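**Student:** Sharing a sequence plus its predicted fold:
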Amino acid sequence: MSLHYDGGATIIQGEYILYAFISTYCTSSNTNDGDGGGYVLSDEKEESLSEDGVFIEIKKLGGNCRRIRSKIGIEASLDTVWDILTDYEKLADLIPGLAVSEVVEKNDKFARLFQIGQQNLPLGLKFNAKGVLDCYEKDVEILPHGKKREIQFKMVEGDFTQFEGTWLLEQFSKTKNEDNHQVIGGEESSHTTLSYLVDVKPKLWLPIRLVEGRLRKEIKTNLSCIRDEAKRVITAFTSL
């Protein structure tokens, strides 16, 4: 990673924080702990934000580690949202600050991604971060009133000692007569809750409190962009 002027002169060098999208994939054991503890920042105060329909909670785990849980409601089917999330190389076109998203390896229900995040900073500086992320696509699980599916992810190379989590998609279907929702494309109108869960621990030299604000902002932006893209897809489909 480097911070540099547009002219290319290096100002600061060193590892920093990976952009929150690759940044952004656990209902794995270290995310579903069920501890019921409060979600707090480094000052021990609970943090629960709900802005533009995005809900975010941050829990201090100790040892320079944080657990972040966030979610957003999307008026689209699970399949629509899933297709957006798993079109990995197109993510760079959807997410501001994600300069590169390349599929390094792709097998059945597995993808290894190389991503580069870039942010413009004051005084003409730019912030860059790189990382390699392994993504595991799980099968659909049928629920009594819908279905769910998830993508588990883990950083295998990058700017964190720990960075792993899950994209969780839960669809709750409605009949065509419920709430006067229109049937689109021969399917019932659906609402999908998209949740993002991650445990994050920067490398020792970087205090977590320095990156909490950036993570919160980037996660909010990422979820909002996915919701907006789902709206665009639905609008394009209904206009045919």
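**Tutor:** Happy to help now that I have it. Numbering: from 1, shown residues only.

**Student:** switch to C-alpha atoms for all contacts and neighbour counts from now on
**Tutor:** Noted.

**Student:** Can you mark which positions in stretch 228-235 are buried?
**Tutor:** 229-231, 234 (16 or more other C-alpha atoms under 10 Å).

**Student:** which residues sit against it?
**Tutor:** Contact with stretch 228-235 is made by 74-76, 80-81, 84, 94, as judged by C-alpha atoms under 8 Å, 6 or more residues apart in numbering.

**Student:** on that earlier part again, I'd like the buried residues of stretch 228-235 written out as TSV, with pLDDT added.
**Tutor:** Formatted as TSV, the buried residues of stretch 228-235 follow (pLDDT from 0 to 100):
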residue	pLDDT
Glu229	98
Ala230	98
Lys231	96
Ile234	94
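
**Student:** Determine which two of these are furthest apart.
**Tutor:** Across the buried residues of stretch 228-235, the longest distance by C-alpha to C-alpha is 8.7 Å; it joins Glu229 and Ile234.

**Student:** where are the low-confidence patches of this structure?
**Tutor:** 1-51, 120-127, 174-188, 204-211 (pLDDT under 70).

**Student:** which stretches of it form strands?
**Tutor:** Secondary structure of the chain (DSSP state E): strands at 2-4, 10-13, 48-51, 54-62, 65-74, 98-107, 110-120, 126-137, 141-143, 146-157, 160-173, 190-202.

**Student:** Reformat those as CSV; add distance to Asn222 and mean neighbour count.
**Tutor:** What follows is those, written out as CSV (distance: least, C-alpha to C-alpha, whole Å; neighbours: other C-alpha atoms under 10 Å):
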stretch, distance to Asn222, mean neighbour count
strand 2-4, 23, 19
strand 10-13, 26, 11
strand 48-51, 13, 14
strand 54-62, 10, 19
strand 65-74, 10, 22
strand 98-107, 10, 16
strand 110-120, 12, 20
strand 126-137, 16, 21
strand 141-143, 25, 11
strand 146-157, 16, 20
strand 160-173, 12, 23
strand 190-202, 10, 23
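
**Student:** Using JSON lines, lay out these together with distance to Cys225.
**Tutor:** Converted to JSON lines, those look like this (distance: least, C-alpha to C-alpha, whole Å):
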{"stretch": "strand 2-4", "distance to Cys225": "26"}
{"stretch": "strand 10-13", "distance to Cys225": "30"}
{"stretch": "strand 48-51", "distance to Cys225": "14"}
{"stretch": "strand 54-62", "distance to Cys225": "11"}
{"stretch": "strand 65-74", "distance to Cys225": "11"}
{"stretch": "strand 98-107", "distance to Cys225": "12"}
{"stretch": "strand 110-120", "distance to Cys225": "15"}
{"stretch": "strand 126-137", "distance to Cys225": "20"}
{"stretch": "strand 141-143", "distance to Cys225": "25"}
{"stretch": "strand 146-157", "distance to Cys225": "18"}
{"stretch": "strand 160-173", "distance to Cys225": "15"}
{"stretch": "strand 190-202", "distance to Cys225": "12"}
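
**Student:** Quick one: buried ones out of the contacts of stretch 228-235?
**Tutor:** Burial by neighbour count, judged by 16+ other C-alpha under 10 Å, picks out 74-76, 80-81, 84 from the contacts of stretch 228-235.

**Student:** need the residues you listed in CSV with distance to Gly62, can you?
**Tutor:** Converted to CSV, those look like this (distance: C-alpha to C-alpha, whole Å):
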residue, distance to Gly62
Ile74, 33
Glu75, 37
Ala76, 37
Thr80, 37
Val81, 34
Ile84, 34
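
**Student:** For those residues, which two are the farthest from each other?
**Tutor:** Glu75 and Ile84 (13.8 Å).
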